[in-house]
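S.K.: fold the following, please.
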Amino acid sequence: QTVWEAADYETALQSAEARLLGAKASLELAKANHARNEEVVKENLIPQTEADLSAANLKQAEADVQSADAQVARAKRDLERTHILAPFDGRVRQRLVGLGQLVGAGIPLGSIFAVDYAEVRLPISSRELPFVDLPSLLEDPPVSVVLHDALDMYSGKTWQARIIRTEGALNEDSLELFAIARVDDPFARLSGDTPLRIGQPVTAVIQGRVLKDVYALPRVAVHELDQINLVNAVDLTLFRKTIEKLWSDEEHIVVQDASIENGAWLATTHLVYAPDGTKVEIIPDMNDTTMSVAEPNENEKAGTDTQKNSSNSDGKS
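M.R.: Down below sits the predicted model:
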């Protein structure tokens, strides 16, 4: 709460109320005068012009009352504004004036933030947008999201939030769309949990869409030019295939390719020389590593024995 010197505003209110009383008295006098002239003009004791003049004076008196009443209302508002209250419960973030300092209309006094809820801006990249359903209209249901402490990743601190809306335009520099997540009771006044401080960095986990009929390939198995090495399970021959990435994270690359048969064998070791048609010999598992030898087929002039890891790529989901 901020209090201004109210003496001048109290005096202005008293003056406005006095002018209103005077205007009302003049209005009553104008009404009586006009009523009298209306009766006298019927008897042709005064000219019609005097009756018309009294009618005009009556309208002017009514307008004066309305003007005086508006001045009283304005004086009351000015007096009320000598006590400045925040529009919501919150905490002071920045104070720009001090005790006894002179300020005028339009001068910022400081900034505050709410304590009943907080909003977090979450950047969603253009690559991620097709895989998440975000609310864009007011009637759209919110999306649940979990916020993690980015200052101490091992603390296990989390806050439950809801994405309630998105900003209307992409960021011009990063081409990211910012989603606005709302955290209720961020200072844990009611729950007693760990408070979420204003300005604290967080990371977010958002539930995305479920991808169907896709393969999650280990990143180590994807080589240059987005190629993978597959093994024909029937004749044990190697062949390369170019994939199109649908999604990727730190450990996997997700692809959607109907030509990859479920249960195919995927080579996970980088092969220096392994042309299509190279025969593969499966070696028994040793030390949790499946070893196989790549041999050139009959149509190749030369070849090099290469050790490779092989795994069964039944990761279709």
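
S.K.: the stretch 201-317 of the chain: helices as residue ranges?
M.R.: Using DSSP state H, counting those that start in this stretch, the stretch 201-317 of the chain contains no helices.

S.K.: where in it is pLDDT low?
M.R.: 283-317 (pLDDT under 70).

S.K.: leaving out chain neighbours, which residue sits closest to Ala6?
M.R.: Of all residues not flanking Ala6 in the chain, Thr82 sits nearest, at 4.3 Å (Cβ to Cβ, 6 or more residues apart in numbering). In this view, the C-beta of every residue, glycine as well, is placed from N, C-alpha and C.

S.K.: so what does that neighbour look like in phi/psi?
M.R.: Backbone geometry at Thr82, expressed as degrees, to the nearest 10, gives phi -70, psi -10.

S.K.: now do it against Val103, distance only.
M.R.: Thr82 sits 12 Å away from Val103, taking Cβ to Cβ, to the nearest Å as the criterion.

S.K.: those two: which is more packed in?
M.R.: Thr82 (15 against 12; other Cβ atoms under 10 Å).

S.K.: quick check: that one touching Glu5?
M.R.: Yes. Using Cβ atoms under 8 Å, Thr82 is in contact with Glu5, at 7.2 Å.

S.K.: so which residues of the stretch 101-250 of the chain form strands?
M.R.: Here the stretch 101-250 of the chain has its strands, by DSSP state E, counting those that start in this stretch, at 110-114, 117-124, 143-149, 158-166, 177-184, 202-206, 215-218, 227-231, 238-242, 245-248.

S.K.: would you turn the ones you listed into JSON lines with mean neighbour count?
M.R.: Output for the strands of the stretch 101-250 of the chain, formatted as JSON lines (neighbours: other Cβ atoms under 10 Å):
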{"stretch": "strand 110-114", "mean neighbour count": "14"}
{"stretch": "strand 117-124", "mean neighbour count": "16"}
{"stretch": "strand 143-149", "mean neighbour count": "17"}
{"stretch": "strand 158-166", "mean neighbour count": "19"}
{"stretch": "strand 177-184", "mean neighbour count": "19"}
{"stretch": "strand 202-206", "mean neighbour count": "16"}
{"stretch": "strand 215-218", "mean neighbour count": "20"}
{"stretch": "strand 227-231", "mean neighbour count": "21"}
{"stretch": "strand 238-242", "mean neighbour count": "16"}
{"stretch": "strand 245-248", "mean neighbour count": "15"}
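
S.K.: nothing else from me, thank you.
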